[in-house]
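Student: My questions are about this predicted structure, shown below with the sequence.
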Amino acid sequence: MDGYNTLHNMLESALKQAGEESGMLLGQDLSISLSDTITTTKTSYFGDLDDSCFVMGVDSREAYSGQFYLLFSLRDAIVLSSILLGIPPARIQEKKRLAIIENDDIDAFSEIANMINGSFNTVFQGTLPNKVHLKLLPPKKFVPDIDPLTEDEPLAEGEYLMFRSKLEMAGQELNHLDVLIPVALGNLFDPPAVSPVLSDVDETDESSTTAESQDTAGVKETLGTSTFSDANGIESIIVLEDNPDERRQLVESLTFTGYHVVEGTLDDDIKALFADWKVKLVIIGSLDADDRELAVCIKVNAMRQDSPPPVIMSAQRWTRTAVLKALKYGARDIMMTPCAPEEVAAKVKRYCKQAEQ
């Protein structure tokens with residue numbers, strides 16, 4: 001995963017401190033070491049989950065508003081809470097094997113989680129330039145194939161930065177602690193260095209940028225700033241995607257909206273597509289977040305300069321540079337495909353609602 005060095009270093013320090021302080025609480029050495037970082041989605045993460053887990057939300061307040069999540073294996077939670085409660089080793093192993101967790105275990109584990117959250121507060125407050133306060137929320141148990149994934153449970157839809165750390169304690173077989181941070185909140189904690197990155201992109205891809213600028217200029221010259229009025233036409237969502245299978249899936253996931261869906265490819269005449277519709281949202285898709293997709297985004301925003309519709313760009317592969325370019329050229333959000341219908345629905349509801357206000 002590109003970038004996020006400051007966030008990575010903060011979490012590495014916070015997790016190490018959390019292990020040391022939790023170990024003192026438990027009376028045994030506990031190590032929590034950051035081992036891997038990737039980008040993921042809610043559907044992908046829980047789709048690969050084989051065992052039950054505890055999901056603990058952390059409410060970030062003040063200058064860095066949002067919510068991220070700590071996820072523990074349920075069996076790890078049972079072991080750590082049982083040690084804190086002084087339960088005999090043989091009984092701990094039995095509870096772990098049978099995944100038995102009782103109210104006392106939950107209370108004890110909450111104490112451990114509070115210790116971890118305290119370490120996060122110490123490191124974040126000592127590192128970030130602005131004021132921040134992290135509040136731990138009550139734990140929620142999630143059992144795969146039993147508990148349903150809904151729009152908001154066990155956590156919110158969207159793309160996440162996942163920081164995985166290894167839990168180690170002598171005499172115990174522990175798994176890992178995952179920290180899932182929404183990409184938007186991650187960018188608040190560790191803002192992308194927009195100017196240096198985009199400067200480098202412009203130097204290495206000057207011809208592409210020139211072509212994009214020419215496209216924009218051409219659209220402005222042909223259409224002006226308000227050739228089409230949002231006040232006219234049937235309320236619609238435009239989906240632009242070259243791959244017919246991906247386009248069909250996106251269109252099917254939009255049926256719940258009640259809006260008319262206009263389909264097209266990245267090479268279609270954007271002017272003609274917009275001509276007869278009151279466009280509420282545009283979704284632009286491709287395999288990679290490439291320059292063709294960016295050029296279409298530029299055209300959409302140029303056509304409706306006074307009040308452009310929200311644009312969501314989707315792709316199977318994103319780099320940090322691609323995200324920065326997408327946001328620079330007018331995208332309101334991004335999606336990583338393949339994307340579950342409920343994730344598409346969450347984004348569409350958000351931006352269509354905003355468009356109507």
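Tutor: Received the coordinates, thanks.
Student: Provide a list of residue ranges in the chain with pLDDT below threshold.
Tutor: Counting by pLDDT under 70, the chain has low-confidence residues at 1-2, 193-232, 304-306, 353-357.
Student: OK, contacts around Gly66?
Tutor: Counting by Cβ atoms under 8 Å, 6 or more residues apart in numbering, Gly66 touches 60, 182, 184-185, 188. Quick note: C-beta positions are derived from backbone N, CA and C, even for glycine.
Student: Among these, which lie within helices?
Tutor: Per DSSP state H, helices hold the following members of those: 184-185, 188.
Student: Please name the nearest non-neighbouring residue to Glu293.
Tutor: Ser286 (4.5 Å; Cβ to Cβ, 6 or more residues apart in numbering).
Student: Strands of this protein, residue ranges please.
Tutor: Using DSSP state E, the strands of the chain run over 31-41, 53-62, 66-73, 132-142, 159-168, 176-182, 234-241, 260-264, 277-288, 311-317, 333-336.
Student: mind listing what the longest one pairs with, with the direction of each?
Tutor: Note on strand 277-288: by DSSP bridges, its sheet partners are strand 234-241 (parallel), strand 311-317 (parallel).
Student: To Ile146, which of those strands lies closest?
Tutor: Distance to Ile146, taken as Cβ to Cβ, is lowest for strand 311-317 among the strands paired with strand 277-288, at 30.5 Å.
Student: which residues are in contact with the closest one?
Tutor: Residues outside strand 311-317 that contact it (Cβ under 8 Å, 6+ apart) are 241, 250, 281-290, 293, 297, 300-301, 322, 326, 330-339, 347-348, 351.
Student: Centre of the chain to it, how far?
Tutor: 13 Å (Cα atoms, centre = their mean, to the nearest Å).
Student: And that strand, what's buried?
Tutor: For strand 311-317, the neighbour count (16 or more other Cβ atoms under 10 Å) marks 311-315 as buried.
Student: before we move on, what about stretch 270-281?
Tutor: 270, 273-274, 277-281.
Student: Next: stretch 144-155.
Tutor: 149, 154-155.
Student: Sort out for me which of those are in helices.
Tutor: If you go by DSSP H, those have nothing in helices.
Student: List just the nearest of those to Gly3.
Tutor: So of the buried residues of stretch 144-155, ranked by how close each gets to Gly3 (Cβ to Cβ), first place is Leu155, at 22.8 Å.
Student: what sits against the residue nearest to the closest one when sequence neighbours are not counted?
Tutor: In space, and not counting its chain neighbours, Leu155 is closest to Tyr69: 5.2 Å by Cβ to Cβ, 6+ apart. Counting by Cβ under 8 Å, 6+ apart, Tyr69 touches 55-58, 155, 179-181.
Student: Likewise for Leu25?
Tutor: Residues near Leu25 by Cβ under 8 Å, 6+ apart: 84, 111-112, 115.
Student: for Asp242, same thing?
Tutor: Applying Cβ under 8 Å, 6+ apart, the residues near Asp242 are 265-267, 285-286.
Student: so the residue nearest to Leu155 bridges to which residues?
Tutor: Here Tyr69, judged by DSSP bridges, has bridge partners Gly57, Leu180.
Student: Count residues in the vicinity of the residue nearest to Ile101 when sequence neighbours are not counted, would you?
Tutor: Take Ile101 and drop its neighbours on the chain: the residue closest to it by Cβ to Cβ, 6+ apart is Ile78, 5.4 Å away. Residues near Ile78, counting by other Cβ atoms under 10 Å, number 27.
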